[in-house]
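>>> Got a sequence here, can you model it:
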Amino acid sequence: MLETAENGRTWLLSGPTSSYALHLTESGELLHLHWGPAIALADAEALAAVPLPHGSSFESALDGREEYPVEGGPRFTRPALSVRTPGRRGTEWAFEAYDAQGGELRLTFRDGGLTVALHYRMRGDVVERWAVLGNDGAEPLELLRADSATWTLPHREGWRLSQLHGRWAAESRLTRAQLTYGEKIIGSRRGHTGHPHLPWVALDTDATEERGEVFTAALGWSGSWRIAVAQLPDARVQITGGAGHDDSGLLLLGDGDSFTTPVFAALWTDGGFGGASRTWHAYQREHVIPDAEQDRPVLFNSWEATTFDISEEQQLVLARRAADIGVELFVVDDGWFGARTSDRAGLGDWTPNPDRFPEGLKPLADRVHGLGMQFGIWVEPEMVNPDSDLYRAHPDWVQFQEGRTRTEFRNQLMLNLAREDVQEYLWERLDTLLSSAPIDYVKWDFNRCFTDAGWPGDPYPQRLWVDHVRALYALLDRLRAKHPGVAFESCSGGGGRIDLGILGRTDQVWTSDNTDPLDRLAIQHGFSQIHPARVMAAWVTDSPNVQLNHRVSSLKFRFVSSFAGVLGVGGDLSEWTDAELAEAREWVELYKEIRPVVQHGDLYRLRAPEGGLSAVQYVRGDETVVLAWLQSQHYGEPVPAVRLRGLDATASYECRETGEIHRGAVLLHHGLRTGLRGDLDAAVFRLRRI
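Got it, this is the predicted structure:
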């Protein structure tokens, strides 16, 4: 709900449990008033009547109180907007108008030819903010920095910052630390979201998993980005974030040009970290993820079974085994196209290899469909191998610096997707590919970071950092519109491109190249802080885990670990024994039974994966699913009980596995102790209200 005060200068956005208020002073400053528990418009007006404190020549009264601080004037805090024109830098804007219709608030300001429109929208308890910067003057404007939003937190003592950090094969690990004076900056200068950080932060003072205030924000951008969390000299805290990692320049806006920043979304809850997660999950299922109401199918991916050594008949052997254990989607990974017999050649040539698929992909796709499964393929459209027909024809289509060595990672270079001719080439190739065979799914990979990010001959070459992402989004949108039956997965060497922006255009994400089931517990725990199980791909692969650490684990532990998201199988099924295939068939059947609860239910993290027992619970209507993992056991210690959450305390629930009858918020103990008997063991429990 959006309310406007009678004077047209105070605005209040309210959700089911929270409110967000801002005010425009008579002198034209846009101030933050409130973000937290729900309040009335009269309360917001009372806050607006409180005058600003007096500043000094060393401190600004505006710092820590403005909604969108700009560079220039009496401000010393980090600016959200930095603009340069010939001979001048900074902004001295004036308010023009507001528009408050359809639940969305738009505030427009002007500084000469520069227009700044700040947008606000509340979806549930999630506040979405973004800005539109335009130039309607003859003088060019350079956007050095154009953040999406600045979030101002209320006065509290002892703020604590949560973030998700990592690296390749160790993404999304949760860490919490006390916030100190100064700035804490996370981000990516790699051209994509990156493995080191997810664009998400949370702040609290004393919250637990299910209790206490949490303020949390997430950025929807799939390129380089930055989030700065600052504790100012007067102890106020602000969070500022947007596209681009530094202030060296985003775009040059000519007459009539504009830039719409990505959405920076945020929420307040008093329900602890679990309450924050469930709100984020519901928001994404309802407003971000395409077709989120649909169950994601159980898939098989051929990569670990075959790597680059593939053929049509060999894939069909795997497909038959996959269908036999209940797989619903069969995916041919890397190696089906061009001269792609290793990672040294073929990227960019998106036509089936004539020796491996002499009649194209259609015969295999038809046979996979005949086995009752959907058919999918792997692509990496933004990359090119120097050993490819595409690069030989268009060496200027890659990002490069004139006179510098073209850096190769994985024997590949980055296409300059900001170029319109590259965009049209990829559209034509991918559209033709998806039209040539009944393809139901595309795994879209991105296996290197930006380096040598130049564009010789372009008047403003650094625009490629932003325009690459805008072109990626446009290409995915165009493909989805033309081929609405095709689902897309975002992959970047695992979790290198996961954010609200890419999730608005893909159906699921590849969480990590690390498929070790024990390592995945911590990765999935961190991932769940912001993103729902409905998008989290999780594979069962072979044991020992030869791809990473050679750890040995049971098929049971591997499956139950993967049950926490979208189940996939990536092992070499041609080497599995009859007993393993029979057991796998039972696990897949069980997952299909619990899938609606896991993929669409409310998540409760019962015990974090910090050694010993860890467990998660999903609740949907009368159905509850508990997944538990015993990581280690010492000195004969009994398996501890876990307290179930999110249930009706007055109702009774029957556990299907044990026959136990539970009252709403009771301990699950006997079943845990009988179902978990040693290191790297796991169990699944299903409860139904009776």
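>>> Quick one: the strands in the stretch 351-500 of the chain, in order.
Here the stretch 351-500 of the chain has its strands, by DSSP state E, counting those that start in this stretch, at 374-379, 383-384, 413-414, 441-444, 487-490.
>>> State which helix of this protein is the longest.
Counting residues, the longest helix in the chain under DSSP state H turns out to be helix 578-600.
>>> Pull out the buried residues from that helix.
Buried residues in helix 578-600, counting neighbours by 16 or more other Cβ atoms under 10 Å, are found at 580, 583-584, 587-588, 590-591, 594-595, 597-600. In this view, the C-beta of every residue, glycine as well, is placed from N, C-alpha and C.
>>> okay if I get the residues you listed as CSV plus distance to D421 and pLDDT?
Shown next, in CSV, are the buried residues of helix 578-600 (distance: Cβ to Cβ, whole Å; pLDDT from 0 to 100):
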residue, distance to D421, pLDDT
E580, 50, 98
E583, 52, 98
A584, 47, 98
W587, 48, 98
V588, 45, 98
L590, 50, 98
Y591, 45, 98
I594, 48, 98
R595, 43, 98
V597, 48, 98
V598, 44, 98
Q599, 40, 98
H600, 42, 98
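>>> any idea which of those residues is closest to G335?
Proximity of the buried residues of helix 578-600 to G335 was ranked by Cβ to Cβ; the top entry is A584 with 24.4 Å.
>>> For the closest one, which non-adjacent residue is spatially closest?
Closest residue in space to A584, ignoring its immediate chain neighbours: I325 at 4.6 Å, by Cβ to Cβ, 6 or more residues apart in numbering.
>>> thinking that neighbour is in contact with D578, fair?
No: at 11.3 Å, I325 does not count as touching D578 under the criterion of Cβ atoms under 8 Å.
>>> list residues touching both of these two?
Between them, I325 and D578 share no contacting residue under Cβ atoms under 8 Å, 6 or more residues apart in numbering.
>>> Could you tell me how many residues sit around the residue nearest to A584?
21 (other Cβ atoms under 10 Å).
>>> For it, give its distance to G570.
Separation of I325 from G570 (Cβ to Cβ, to the nearest Å) stands at 13 Å.
>>> same check, this time on H192
From H192 to G570 the distance is 23 Å (Cβ to Cβ).
>>> ok, the residue nearest to A584 to Q315 distance?
As for I325, its distance to Q315 is 16 Å (criterion: Cβ to Cβ).
>>> Give me the neighbour count for the spatially closest residue to V469 that is not a sequence neighbour.
Nearest residue to V469, sequence neighbours excluded (Cβ to Cβ, 6+ apart): G223, at 3.8 Å. G223: 27 surrounding residues under other Cβ under 10 Å.
>>> All the helices of the stretch 301-450 of the chain, residue numbers only.
According to DSSP state H, counting those that start in this stretch, the stretch 301-450 of the chain carries its helices in the segments 303-306, 312-324, 362-370, 389-393, 420-436.
>>> Quick one: distance of the third one to the chain centre.
Here the centre of mass of C-alpha atoms in helix 362-370, compared against the chain's by Cα atoms, centre = their mean, to the nearest Å, lies 32 Å away.
>>> any idea of the angle it forms with strand 374-379?
Relative orientation of helix 362-370 and strand 374-379, computed by axes from the mean of the first three to the mean of the last three Cα atoms, to 10 degrees: 140 degrees.
>>> neighbouring contacts of helix 362-370?
With contact meaning Cβ under 8 Å, 6+ apart, helix 362-370 is reached by 312, 315-316, 319, 330, 332, 357, 374-375, 436-439.
>>> Could you dump those into a markdown table with neighbour count added?
As requested, the contacts of helix 362-370 are exported to a markdown table (neighbours: other Cβ atoms under 10 Å):
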| residue | neighbour count |
| --- | --- |
| E312 | 19 |
| Q315 | 25 |
| L316 | 16 |
| A319 | 23 |
| F330 | 29 |
| V332 | 29 |
| F357 | 21 |
| Q374 | 21 |
| F375 | 23 |
| S436 | 14 |
| A437 | 19 |
| P438 | 15 |
| I439 | 21 |
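>>> Return the closest of those with respect to L676.
For these, the nearest to L676 is F330 (33.3 Å; Cβ to Cβ).
>>> for that closest one, what are its contacts?
Per Cβ under 8 Å, 6+ apart, neighbours of F330: 299-300, 302, 315, 318-319, 322-323, 368, 371, 373-376.
>>> Could you list everything it pairs with in the sheet?
Beta-bridge pairing for F330 (DSSP bridges): F300, F375.
>>> thinking again about what came up before, out of the helices of the stretch 301-450 of the chain, which one sits most buried?
With neighbours defined as mean count of other Cβ atoms under 10 Å, the helices of the stretch 301-450 of the chain peak in mean count at helix 303-306, which reaches a mean of 20.
>>> Nothing else from me, thank you.
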